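>>> need a 3D model of the sequence below.
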Amino acid sequence: MTRELAQPVENLWDASHAAGLDDLGKLAYRSNLLGTDRSVANFGGGNTSTKLVERDHAGREQRVMYVKGSGSDLATITRDGFTGLCLGEIDPLFEREKMSDEDMVAYLALCQTGPTMPRSSIETLLHAFVPFDHVDHTHPDATNMICCAVNGEQLAKDCYGDDAVWIPYIRPGFTLAGQVGEAVRGKAGIKLILLAKHGLVTWGSTHEESYEATIDAINRAVDFVNEHTRDRVPFGGVALAPVGEARRAELLTGGLLALRGEVSQETPKVLQVNTNDAVLEFVCGRESSEVSQIGAACPDHLIHTKVTPMWVDFDPASEGTEELAAKLVEGARRYRDDYRTYFESHPLVDEEMVDPNPRVVLVQGVGMITIGKDLKAAGLSRDLYHRAIEVIRGASGIDEFTSLTEEESYAVEYWPLELYKLSLAPAPSELAGRVALVTGGAGGIGSAVARALTEKGSLVIITDLDENSARSVAEGIGDGARAVAMDVTDEDAVAAGFRDAVLAYGGVDIVVSNAGVASSAPIEDTSLDLWERDHKVLARGYFLVAREAFRAMKHQGSGGSIVFVASKNSLVAGKNAAAYSSAKAAELHLARCLAEEGGAASIRVNTVNPDAVLQGSRIWEGSWREERAQSYGIDPDELEEHYRQRTTLKVNVLPEDIAEAVLHFASETRSAKSTGNILNVDGGVAAAYPR
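Sure thing, here's the model as predicted:
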């Protein structure tokens, strides 16, 4: 059974909770309730306000409006996220005929009641000009199904009768605020304003009234849309069936690598895949390729989704991975060309062109891919396009979907006030947009490496034989860290680990081979099993991981960095450690061979040589500690001091020291022109000095 086009919104107001809050606390509570449901308020979108009387710094009573600060999110905003403004200084503006955006922003800054408050919302005057104490402006899916319909004004009349006023589209600012204020003041008894191709404005005499006015307006639209679409099949019906999960993973693994390489030519990008029911219904619809190109469902959307998504015609029944990869690359190139034409044909402001790559890619029969400079940006594009799908579904169900014109879209995308908001974002981290895969990630060195890369902005796939421990490390790191079970000696397991990285984030840029074992025994006591175990993990394992890394990085076409965590023993003969030392030497030489192979593809391969990293090491927790102590004729408890004293610097080497060395080779900023190199982190062991 087909789901209804619009979904009702629950009234979550808790009067007993609200009773214990002051006005600003209630404003934050009201805002949080609205923002929690993304079908009501987009991330970062919408704004709320309250008007009250309070004393200023000189003890004088004055009317103050608190409005959402620019850049905050209704779902998480606290009382500190609102900006207070003197209404006595704002009220006279209602009589003005016009005011530029720049003058408006400068004027409102002078009206703030505190100098450290955030800059007020772009739509501050809209709230000020509505003559009610509490105002909410949101972008609900259900009301936008009407606002984004070709015959929206008549549909609004049919739905709300005389309770609503329709305002044709105009970009937010002084003029729109005046129109809203005049509409509310000029018609007694109206309950809401519908802004064409934009959103909803409601109000009330109390916080609860304002909140309930929003919920009521939305649910009236829900009932109207559902009543008028009972016999409509979404998106013109099904053009083709979606592919199964296994087939989708196969198609996307190669496709994502090719697409990520193409869109990451200037800066690395993170890709997210979404294949929920709503997305699959959309990408399999007969009319979706056409309706998806009409435009954004809301001005708030196009900043993060661009005016339109990139649509890829694809037939999973007759086309495969190579065809999809080629279509994604060709589509991205065409999208950039079209975007440059769009930018150059609308020179309204003296601004540099933003990144011309698509933010949203819709692959027929397969799913949706979103693209961002980091995980948050890719996720935001994904979440906003989910909202767009719902609005398009409803608007095209009750009528025809419409959107901003190209000129209107450009005016929003390159609106100085919107660009200013984006400029407030912090500078990207050193490894922002990059994806790292770390083997042996649950151990002392591996977990330290994962944390160091994450702190610099990388997304990290933590692989280990011990999946539970890897998961604990990932959970400790937080967003962007994933745990994957991987036996580096198993060809299929290694391929699966890389496939996970690609499907999760689009590709891989940094690979840290760190998985290891250790053994110590005189040669005559070294069993064949022990010899083969060391070489299986430390030589074969490093080979398999490197081979898969080369395959992924070459397919991606944007280079990468591979770092081998070897050992001082790769350079120095280890007494009673022939199996371990020879395997580590094989690692080192493999790295140098791969540096030669990878250069033409901009794949750098370098080696970090630790020594005696006892802290947090699972290897040193086993028999290795006793075996090495026995080789030196000392007690195991004396081993750490023994290693410290034998170094030139008289120091112990910690996991974090190794992580810093790995970070050096992982970072293009620090070592873009380094490959085939060795960095010893051993406190100074003269026998290991490279020569």
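>>> can you show me the helices along the stretch 51-200 of the chain?
87-90, 101-111, 124-129, 141-147, 152-160, 174-186 (DSSP state H, counting those that start in this stretch).
>>> deepest of those, which one?
helix 141-147 (a mean of 31; mean count of other Cβ atoms under 10 Å). Using the backbone N, CA and C atoms, a C-beta is placed for each residue, glycine as well.
>>> could the helices of the stretch 51-200 of the chain go into TSV alongside mean pLDDT and distance to Ala566?
Shown next, in TSV, are the helices of the stretch 51-200 of the chain (pLDDT from 0 to 100; distance: least, Cβ to Cβ, whole Å):
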stretch	mean pLDDT	distance to Ala566
helix 87-90	96	67
helix 101-111	94	57
helix 124-129	97	60
helix 141-147	97	55
helix 152-160	98	66
helix 174-186	96	64
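>>> which stretch among these comes nearest Val435?
helix 141-147 (32.5 Å; Cβ to Cβ).
>>> which residues are in contact with Thr402?
Residues near Thr402 by Cβ atoms under 8 Å, 6 or more residues apart in numbering: 148-150, 152, 197, 294-295, 395.
>>> ok, 6 Å please
148, 150 (Cβ atoms under 6 Å, 6 or more residues apart in numbering).
>>> ok, it to Ala395 distance?
Between Thr402 and Ala395 the computed distance is 7 Å (Cβ to Cβ, to the nearest Å).
>>> need the overlap of contacts for these two.
With Cβ under 6 Å, 6+ apart, Thr402 and Ala395 have common neighbours Cys148.
>>> ok, back up a step: now the helices of the stretch 51-200 of the chain as CSV including distance to Phe314?
CSV is the format used below for the helices of the stretch 51-200 of the chain (distance: least, Cβ to Cβ, whole Å):
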stretch, distance to Phe314
helix 87-90, 53
helix 101-111, 42
helix 124-129, 43
helix 141-147, 28
helix 152-160, 33
helix 174-186, 41
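>>> helix or strand next in line after the one helix or strand Leu544 maps to, which one?
Assigned by DSSP states H and E, Leu544 belongs to helix 541-556. Next helix or strand after helix 541-556 toward the C-terminus (DSSP H and E): strand 560-565.
>>> list the helices and strands that following strand packs on?
Packing partners of strand 560-565 (3 or more Cβ pairs under 6 Å, 6 or more residues apart in numbering; DSSP states H and E): strand 510-513, strand 603-610, helix 655-666.
>>> closest one to Asn47 among the helices of the stretch 51-200 of the chain?
helix 124-129 (7.0 Å).
>>> distance from that closest one to the middle of the chain?
32 Å (Cα atoms, centre = their mean, to the nearest Å).
>>> same deal with stretch 267-277?
Taking mean C-alpha positions (Cα atoms, centre = their mean), stretch 267-277 and its chain are 9 Å apart.
>>> how about it as CSV, C-alpha atoms only?
Provided in CSV are the C-alpha atoms of stretch 267-277 (Å, rounded to 0.1, in the frame of the first residue of the first chain):
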residue,chain,number,x,y,z
THR,A,267,39.4,19.8,-2.5
PRO,A,268,38.7,16.3,-1.2
LYS,A,269,35.0,15.5,-0.8
VAL,A,270,33.0,13.1,1.4
LEU,A,271,30.3,11.1,-0.3
GLN,A,272,27.2,9.7,1.4
VAL,A,273,24.8,7.1,0.0
ASN,A,274,21.2,6.9,0.9
THR,A,275,18.7,4.3,-0.3
ASN,A,276,15.7,4.6,2.0
ASP,A,277,12.2,3.9,0.7
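>>> from now on call the first residue 599
In the new count, where the first residue is 599, that last one comes out as stretch 865-875.
>>> contact partners of that stretch?
Residues contacting stretch 865-875 (Cβ under 6 Å, 6+ apart): 854, 858, 861, 965-970, 972-973, 976, 980, 1031-1032, 1103-1104.
>>> and what of stretch 1072-1090?
Counting by Cβ under 6 Å, 6+ apart, 973, 1037, 1052, 1057-1061, 1063, 1065, 1068-1069, 1091, 1095, 1098, 1102, 1113, 1134, 1138-1139, 1142-1143 sit against stretch 1072-1090.
>>> report the separation between the residue of the chain positioned farthest from its centre and Asn1174.
Seen from the C-alpha centroid of the chain, the residue lying at the greatest distance (Cα atoms, centre = their mean) is Glu1122, 55.4 Å away. Using Cβ to Cβ, Glu1122 is found at 10 Å from Asn1174.
>>> just name the shakiest helix or strand of the protein by mean pLDDT.
helix 1221-1230 (a mean of 69; mean pLDDT, DSSP states H and E).
>>> following it, which helix or strand shows up next?
Downstream of helix 1221-1230 (by DSSP H and E), the next one is helix 1237-1244.
>>> now that following helix: mean pLDDT?
Helix 1237-1244 carries an average pLDDT of 76.
>>> for that helix, output the C-alpha coordinates as PDB.
The C-alpha coordinates for helix 1237-1244 follow below in PDB (Å, rounded to 0.1, in the frame of the first residue of the first chain):
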ATOM      1  CA  LEU A1237      62.400  -3.800  30.100                       C
ATOM      2  CA  GLU A1238      60.900  -0.300  29.800                       C
ATOM      3  CA  GLU A1239      63.900   1.300  31.600                       C
ATOM      4  CA  HIS A1240      66.300  -0.800  29.600                       C
ATOM      5  CA  TYR A1241      64.900   0.500  26.300                       C
ATOM      6  CA  ARG A1242      64.900   4.100  27.600                       C
ATOM      7  CA  GLN A1243      68.600   3.900  28.700                       C
ATOM      8  CA  ARG A1244      69.700   2.500  25.400                       C
END
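>>> gap between Arg1080 and Ala1034?
11 Å.
>>> what's the answer for Gln1228, then?
37 Å.
>>> quick one: which of these two has more around it?
More neighbours surround Ala1034 than the other of Gln1228 and Ala1034, with 31 against 15 (other Cβ atoms under 10 Å).
>>> ok, now which ones touch that one?
Counting by Cβ under 6 Å, 6+ apart, Ala1034 has contacts 1051, 1056, 1058, 1108.
>>> which SS state does it fall under?
Ala1034 falls in the strand class when you classify it by DSSP: H, G, I helix; E, B strand; the rest coil.
>>> now it: closest residue in space, sequence neighbours ignored.
Closest residue to Ala1034 in three dimensions, ignoring its sequence neighbours and counting by Cβ to Cβ, 6 or more residues apart in numbering: Ile1108, at 3.8 Å.
>>> show me the contacts for that neighbour.
1034, 1159, 1264.
>>> beta partners for the closest residue to the last one other than its chain neighbours?
In space, not counting the residues next to it along the chain, Ala1264 is nearest to Ile1108; the distance is 4.6 Å by Cβ to Cβ, 6+ apart. When bridges are assigned using DSSP bridges, the partners listed for Ile1108 are Ala1034, Ser1159.
>>> now Ile1108: how far from Phe772?
For Ile1108 relative to Phe772 (Cβ to Cβ), the value is 49 Å.
>>> and Glu885, by the same measure?
38 Å.
>>> swap in Gly779?
11 Å.
>>> same question for Phe641.
Taking Cβ to Cβ, one finds Phe641 at 26 Å from Phe772.
>>> can you show me the CA trace of the helix or strand harbouring His984 as PDB?
Assigned by DSSP H and E, His984 falls within helix 973-996. Coordinates of the C-alpha atoms in helix 973-996 are reproduced here as PDB (Å, rounded to 0.1, in the frame of the first residue of the first chain):
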ATOM      1  CA  LEU A 973      30.800  14.500   6.700                       C
ATOM      2  CA  LYS A 974      28.500  17.200   8.200                       C
ATOM      3  CA  ALA A 975      28.100  19.000   4.800                       C
ATOM      4  CA  ALA A 976      27.400  15.700   2.900                       C
ATOM      5  CA  GLY A 977      24.900  14.800   5.600                       C
ATOM      6  CA  LEU A 978      23.200  18.200   5.500                       C
ATOM      7  CA  SER A 979      22.800  17.900   1.700                       C
ATOM      8  CA  ARG A 980      21.300  14.400   2.200                       C
ATOM      9  CA  ASP A 981      18.900  15.600   4.900                       C
ATOM     10  CA  LEU A 982      17.700  18.600   3.000                       C
ATOM     11  CA  TYR A 983      17.100  16.700  -0.200                       C
ATOM     12  CA  HIS A 984      15.000  14.200   1.700                       C
ATOM     13  CA  ARG A 985      12.800  17.200   2.500                       C
ATOM     14  CA  ALA A 986      12.800  18.200  -1.100                       C
ATOM     15  CA  ILE A 987      11.700  14.700  -2.200                       C
ATOM     16  CA  GLU A 988       8.700  15.000   0.200                       C
ATOM     17  CA  VAL A 989       7.700  18.400  -1.000                       C
ATOM     18  CA  ILE A 990       8.100  17.400  -4.700                       C
ATOM     19  CA  ARG A 991       6.100  14.300  -4.000                       C
ATOM     20  CA  GLY A 992       3.200  16.200  -2.500                       C
ATOM     21  CA  ALA A 993       3.200  19.300  -4.800                       C
ATOM     22  CA  SER A 994       3.200  17.100  -7.900                       C
ATOM     23  CA  GLY A 995       0.500  15.000  -6.400                       C
ATOM     24  CA  ILE A 996      -2.000  17.800  -5.800                       C
END
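>>> lovely, talk soon.
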